[in-house]
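**Student:** just a sequence and a predicted model for now, questions to come.
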Amino acid sequence: ELTVHFDPQGNLITRITALRHRDQDSGRIPWHADFLAWQDVDGARVPKRIAITWEDQGTPWSTWDLEHVLWNVDIADVLPQAGTVTP
């Protein structure tokens, strides 16, 4: 279950929160992704910088900077296992 928080003036996502397992031995821990910056790519507004934090640690353990975004790209040659399901 995810809770999505929006900026009431810009209508953009500011934070996503959830309870997640950090590893197979942990219980569910509060986690959030903060959307820190946005950019326009080919006429669409997309995230530019996202910081991921386990709430019990208090500081981001991962920060993502999106430098390039592509839509409807055939990834079959790059990821040949795409679309397959292993039981």
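**Tutor:** Yep, that arrived.

**Student:** endpoints of stretch 24-33, how far apart?
**Tutor:** One end of stretch 24-33 to the other measures 21 Å (C-alpha to C-alpha, to the nearest Å).

**Student:** and that stretch, how far from the chain's centre?
**Tutor:** 15 Å (C-alpha atoms, centre = their mean, to the nearest Å).

**Student:** show the average pLDDT along that stretch.
**Tutor:** Mean per-residue pLDDT for stretch 24-33: 92.

**Student:** ok, the closest residue to T63 other than its chain neighbours - contacts?
**Tutor:** Leaving aside its chain neighbours, T63 sits nearest to A51 (4.8 Å; criterion: C-beta to C-beta, 6 or more residues apart in numbering). C-beta: built from backbone N, CA, C; applies to glycine. A51 makes contact with A33, D34, L36, P60, S62, T63, W64 under the criterion C-beta atoms under 8 Å, 6 or more residues apart in numbering.

**Student:** now these as CSV including distance to P47, secondary structure and neighbour count?
**Tutor:** Below are the contacts of A51 laid out as CSV (distance: C-beta to C-beta, whole Å; DSSP: H, G, I helix; E, B strand; the rest coil; neighbours: other C-beta atoms under 10 Å):
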residue, distance to P47, secondary structure, neighbour count
A33, 9, strand, 21
D34, 10, strand, 17
L36, 8, strand, 16
P60, 14, coil, 16
S62, 14, strand, 10
T63, 12, strand, 12
W64, 8, strand, 14
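
**Student:** all helices for the chain, in order.
**Tutor:** In the chain, no segments count as helices under DSSP state H.

**Student:** and the strands in the chain, which stretches?
**Tutor:** Applying DSSP state E to the chain gives strands spanning 2-6, 13-21, 28-41, 44-54, 62-65.

**Student:** a markdown table for those strands, including distance to D77?
**Tutor:** Below are the strands of the chain laid out as a markdown table (distance: least, C-beta to C-beta, whole Å):
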| stretch | distance to D77 |
| --- | --- |
| strand 2-6 | 32 |
| strand 13-21 | 32 |
| strand 28-41 | 23 |
| strand 44-54 | 24 |
| strand 62-65 | 25 |
